[in-house]
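Enquirer: Here you go, sequence then predicted model.
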Amino acid sequence: MKTDVENLEATRARLTVTVPYEDLSSAIDSAYATVSQQVSIPGFRKGKVPARIIDQRVGRAAVLDQAINSQIDSLYRGAVGEAGINPLGRPEIEVTELPAVTGPLGGQLVFTATMDVRPELELPDFSTITLTVADSEVSDEDVEERLTALRERFGTLTGVDRAVETGDFVTLDLSAMVDGEEVDTASGISYEVGSGSMLPGQDEALVGLTAGKEGTFTTTLAGGDHAGKEADVSVTPTAVKVRELPEADDDFAQLASEFDTLEELRADLRTQVASDRAGNQAVEARDLLLAHLRENLEVPIPSGVVDAEIARHLEAEGKPEGDPHGEEIRGETEELLRDQIILDTISDQVDVQVSQNELLEFLVQQAQQYGMDPNNFIQAAGQTGQLPAFMGEVARNKALAVVLRDVTVVDGSGTELDLSEYLGSEETDKTEAEGEESEESADSADSGDSADSADSADSADSPDSPDSADSADEAEESDDDESSDDEPADEKPAAKKPAAKKPAAKKPAAKKPAAKKPTATKAAADEESASE
């Protein structure tokens with residue numbers, strides 16, 4: 001196979017791929033076998049129809065169509081790897097030359113693949129970058145704030161007979177009206193006044209009310225069928241309570257911790273705050289580094305990928321193409337794509353490898369954020385093909401941490417900080433990699449010694465194993481899916497069908513997009529975004 005690359009612009013490229021007949025012969029033989037199983041031709045049993053008869057009755061072009069479409073995905077992937085480019089989204093594929101449709105078998109397949117690509121970036125020397133983060137000194141006020149938060153966890157609510165004040169806890173009833181029509185009601189809601197966790201304007205309306213007295217305010221609804229509409233809301237507190245905190249003494253220290261005295265508890269809280277501050281410094285340094293790269297790197301943005309992501313976003317929200325909301329999110333979409341391009345470039349430069357443990361830890365964290373059982377979340381991610389995207393996210397985060405090790409990070413006083421506890425080091429990376437390899441080796445040894453493994457080997461030699469062309473295609477397609485990474489380029493290319501006579505019998509449903517005849521006008525294929 002020969003691949004020629006034409007750079008159309010910084011974020012656009014076209015591959016011209018030439019595949020000799022010899023490289024397609026096995027796929028063409030499989031296609032003949034498949035068609036032979038499907039057509040009904042007098043004088044021949046199904047599966048026993050010679051290739052020359054299929055050429056006469058069905059047309060060789062139809063066979064080539066099936067063979068090419070069974071291989072176009074792997075051919076495209078191979079061409080991308082040979083060209084050394086990083087596609088974004090789905091390509092537009094057009095077949096420009098088919099192997100011999102008549103006469104002796106031979107010739108070649110030629111197709112073009114036009115796609116958005118990740119632009120080439122010249123990363124800076126990270127050792128020349130200095131970032132300044134906030135100081136991590138812990139004051140007595142910081143410790144008292146942490147102690148107060150702990151006391152609040154052990155506080156009790158007591159009813160009071162007075163008007164509502166900021167910081168009170170109330171039980172309230174709500175009713176919302178839009179254009180004079182009641183659209184929503186709720187009762188018995190517990191709410192901390194001043195938290196701002198419900199409707200804008202609600203805190204101001206509550207302050208000064210007594211239990212049973214109604215207040216009103218106007219706000220914009222944030223959810224439901226009337227989201228975005230202005231509503232008149234009535235709010236009535238039915239109970240007013242204050243939180244009483246336990247005394248900060250030795251008895252409380254024994255109740256809330258493993259310590260016997262309040263001073264020991266305070267010392268531990270100081271240590272906790274200091275640890276949190278140091279961790280926050282590492283997070284701040286990471287964010288500052290990404291901001292520095294955004295500001296100092298020229299990153300061309302593939303407009304086609306942005307348009308595709310906006311279209312998908314609108315579709316998910318049930319909005320039509322061209323809805324004004326699309327332009328509202330364009331800037332944010334471009335920023336997300338810019339960050340991904342930067343981080344993917346870094347990941348390639350430092351050759352980040354994601355271990356199974358790192359991916360598993362990330363998936364568990366994601367499951368917790370969504371309030372899902374980790375096992376169910378991981379299973380769902382696997383079924384929907386999202387694992388490569390999650391692995392890509394882990395790789396980007398890890399890559400940024402790796403290059404941050406070379407950056408000089410100082411606090412407000414100019415003191416250089418050691419963040420290796422949070423960023424790791426080459427030594428810890430090596431140790432983790434060796435540990436993972438040991439686990440995999442142990443698992444392989446256990447698997448090889450098991451009786452099940454022997455049974456599996458026997459079944460592999462079983463004459464009942466499927467040898468049909470359909471099974472081979474399905475196995476190849478499965479392997480392709482499993483080998484994909486997070487790049488949208490790994491989505492299957494939509495190829496255009498070459499002109500062909502239809503087989504006399506019904507063709508099987510194609511699992512891969514069809515190719516189009518060489519003379520057809522190119523139509524833009526649907527593109528998939530990189531920021532998924």
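Expert: Received it, and whenever you're ready, just let me know what you need. Nothing here was measured: the structure is a model prediction, and the numbers come from that model. Numbers count the residues shown, from 1 in each chain.

Enquirer: Please count neighbours and contacts with C-alpha atoms only from this point.
Expert: Noted.

Enquirer: now for the strand or helix carrying residue 93, which elements pack on it?
Expert: Per DSSP states H and E: residue 93 is located in strand 87-97. If you count contacts as 3 or more Cα pairs under 8 Å, 6 or more residues apart in numbering; DSSP states H and E, strand 87-97 packs onto strand 108-117, strand 494-495.

Enquirer: Sort out which residues of the helix or strand where residue 81 lies are buried, please.
Expert: Per DSSP H and E: residue 81 is located in helix 60-83. Buried residues in helix 60-83, defined by neighbour count with 16 or more other Cα atoms under 10 Å: 60-77, 79-80.

Enquirer: Break down the stretch 251-400 of the chain into its helices, ranges please.
Expert: Assigned by DSSP state H, counting those that start in this stretch, the helices in the stretch 251-400 of the chain fall at 262-296, 303-316, 325-328, 330-350, 356-369, 374-383, 387-404.

Enquirer: For the helix or strand following the last one, give the mean pLDDT please.
Expert: Toward the C-terminus, helix 387-404 is succeeded by strand 408-410 as the next helix or strand (DSSP H and E). Regarding strand 408-410, the rounded mean pLDDT is 95.

Enquirer: what does strand 408-410 contact?
Expert: 127, 128, 129, 130, 131, 132, 133, 285, 416, 417, 418 (Cα atoms under 8 Å, 6 or more residues apart in numbering).

Enquirer: Excluding residues flanking it in the chain, which one is nearest the fourth one?
Expert: Distance criterion Cα to Cα, 6 or more residues apart in numbering; nearest residue to residue 130, sequence neighbours excluded, is residue 408 at 4.6 Å.

Enquirer: ok, now which ones touch residue 297?
Expert: Shown in contact with residue 297 (Cα under 8 Å, 6+ apart): 121, 122, 123.

Enquirer: Return the most buried member of the helices of the stretch 251-400 of the chain.
Expert: helix 387-404 (a mean of 21; mean count of other Cα atoms under 10 Å).

Enquirer: biggest strand in the protein by residues?
Expert: Looking across the chain with DSSP state E, the single longest strand is strand 230-244.

Enquirer: Give me the buried positions along that one.
Expert: Using 16+ other Cα under 10 Å as the test for burial, strand 230-244 gives 230-242.

Enquirer: quick one: pLDDT of the closest residue to residue 405 other than its chain neighbours?
Expert: Nearest non-adjacent residue to residue 405, counting by Cα to Cα, 6+ apart: residue 423, 6.8 Å away. We note a pLDDT of 85 for residue 423 in this prediction.

Enquirer: And for the one 4 residues further on?
Expert: On pLDDT, residue 427 comes in at 70.

Enquirer: what's around it, how many residues?
Expert: Residues lying near residue 427 (other Cα atoms under 10 Å) number 9.

Enquirer: where in the stretch 301-450 of the chain is pLDDT low?
Expert: Along the stretch 301-450 of the chain, segments meeting pLDDT under 70 span 428-450.

Enquirer: Please list the members of the contacts of strand 408-410 that lie in strands.
Expert: When DSSP E is applied, the contacts of strand 408-410 are split such that 130, 131, 132 fall in strands.

Enquirer: just the buried members of those?
Expert: 131, 132.

Enquirer: Same list, the ones in strands among the contacts of strand 408-410, but as CSV with pLDDT and distance to residue 172 please.
Expert: Below are those laid out as CSV (pLDDT from 0 to 100; distance: Cα to Cα, whole Å):
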residue, pLDDT, distance to residue 172
130, 96, 52
131, 96, 48
132, 95, 47
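
Enquirer: so can I have TSV of the ones in strands among the contacts of strand 408-410 showing distance to residue 392?
Expert: Below are the ones in strands among the contacts of strand 408-410 laid out as TSV (distance: Cα to Cα, whole Å):
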residue	distance to residue 392
130	27
131	26
132	29
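
Enquirer: if we can go back for a sec, closest to residue 169 among the contacts of strand 408-410?
Expert: Ranked by distance to residue 169 (Cα to Cα), the contacts of strand 408-410 are led by residue 133 at 37.2 Å.

Enquirer: Look at the closest one and report its pLDDT.
Expert: In this model, residue 133 is scored at 94, pLDDT.

Enquirer: Okay, now the unreliable bits of the stretch 51-200 of the chain?
Expert: By pLDDT under 70, the stretch 51-200 of the chain has no low-scoring segment.

Enquirer: so the one helix or strand residue 19 maps to versus helix 303-316, what angle?
Expert: Assigned by DSSP H and E, residue 19 belongs to strand 12-20. Strand 12-20 runs at 100 degrees relative to helix 303-316, counting by axes from the mean of the first three to the mean of the last three Cα atoms, to 10 degrees.

Enquirer: which residues sit against strand 12-20?
Expert: With Cα under 8 Å, 6+ apart as the criterion, strand 12-20 contacts 1-8, 79, 107-117, 302.

Enquirer: repeat for stretch 194-207
Expert: With Cα under 8 Å, 6+ apart as the criterion, stretch 194-207 contacts 163-167, 193, 215-221, 235-237.

Enquirer: Just those residues: which are in strands?
Expert: 215, 216, 217, 218, 219, 220, 235, 236, 237.

Enquirer: Quick check: closest non-adjacent residue to the first one.
Expert: Right, the one you point to is residue 215. Spatial nearest neighbour of residue 215, excluding adjacent residues (Cα to Cα, 6+ apart): residue 235 at 5.2 Å.

Enquirer: pLDDT score for that neighbour?
Expert: Looking at residue 235, its pLDDT stands at 94.

Enquirer: Wasn't residue 170 part of a helix?
Expert: No: residue state for residue 170 (DSSP: H, G, I helix; E, B strand; the rest coil) corresponds to strand; a helix is not indicated.

Enquirer: any idea how far residue 99 is from it?
Expert: 78 Å (Cα to Cα, to the nearest Å).

Enquirer: Neighbour count for these two, which is higher?
Expert: More crowded of residue 170 and residue 99, by other Cα under 10 Å: residue 170, with 24 against 19.

Enquirer: Could you pull up the contacting residues of the closest residue to that one other than its chain neighbours?
Expert: Spatial nearest neighbour of residue 170, chain neighbours left out: residue 240 (4.7 Å); criterion: Cα to Cα, 6+ apart. If you count contacts by Cα under 8 Å, 6+ apart, residue 240 has them with 159, 160, 161, 162, 163, 164, 168, 169, 170, 171, 210, 211.
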